[in-house]
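[1] Provided below are the primary sequence and the corresponding predicted coordinates.
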Amino acid sequence: MAKKKKLRKKLRSLRSLAADGHESIASLAERAGIKPDHLYAISCGRVRMKADDIMKISNVTGVPEEEIQVEYKTST
């Protein structure tokens, strides 16, 4: 019986994307054309990332949109 292999994509958070490029969240925001405060709020989970934010970050980092992790906190 052949084993089925599960493929899992590596989701990358904003903080890891910035770290991979040896830059801060603020400099990633500047390159992507996003306000630094907004990107920081996303990275902390205070606001949700919108589709256009994902597209902009994907364009400047070269990471496919589907691999960018959408981070948010839920109230319990």
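    Yes, it's here.
[2] got the contact list for the helix of greatest length in the chain?
    As assigned by DSSP state H, the longest helix anywhere in the chain is helix 51-61. The contact list for helix 51-61, computed with C-beta atoms under 8 Å, 6 or more residues apart in numbering, reads 14, 17, 20-21, 28, 31-34, 38-39, 42, 63-65, 68, 70. Yep, even glycine has a C-beta here, placed from its N, CA and C like the rest.
[3] Now restrict those to buried residues only.
    Burial by neighbour count, judged by 16 or more other C-beta atoms under 10 Å, picks out 14, 17, 28, 32, 34, 39, 42, 63, 68 from the contacts of helix 51-61.
[4] Looking at these, which are in helices?
    Reading helices off the buried ones among the contacts of helix 51-61 with DSSP H, I get 14, 17, 28, 32, 39, 42.
[5] Make CSV from these and add distance to residue 54 and pLDDT to it.
    Below are these laid out as CSV (distance: C-beta to C-beta, whole Å; pLDDT from 0 to 100):
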residue, distance to residue 54, pLDDT
14, 10, 83
17, 11, 83
28, 13, 92
32, 10, 95
39, 12, 91
42, 10, 87
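[6] Residue 26 contacts residue 36, doesn't it?
    Yes. Contact criterion C-beta atoms under 8 Å: residue 26 and residue 36 qualify, at 4.2 Å.
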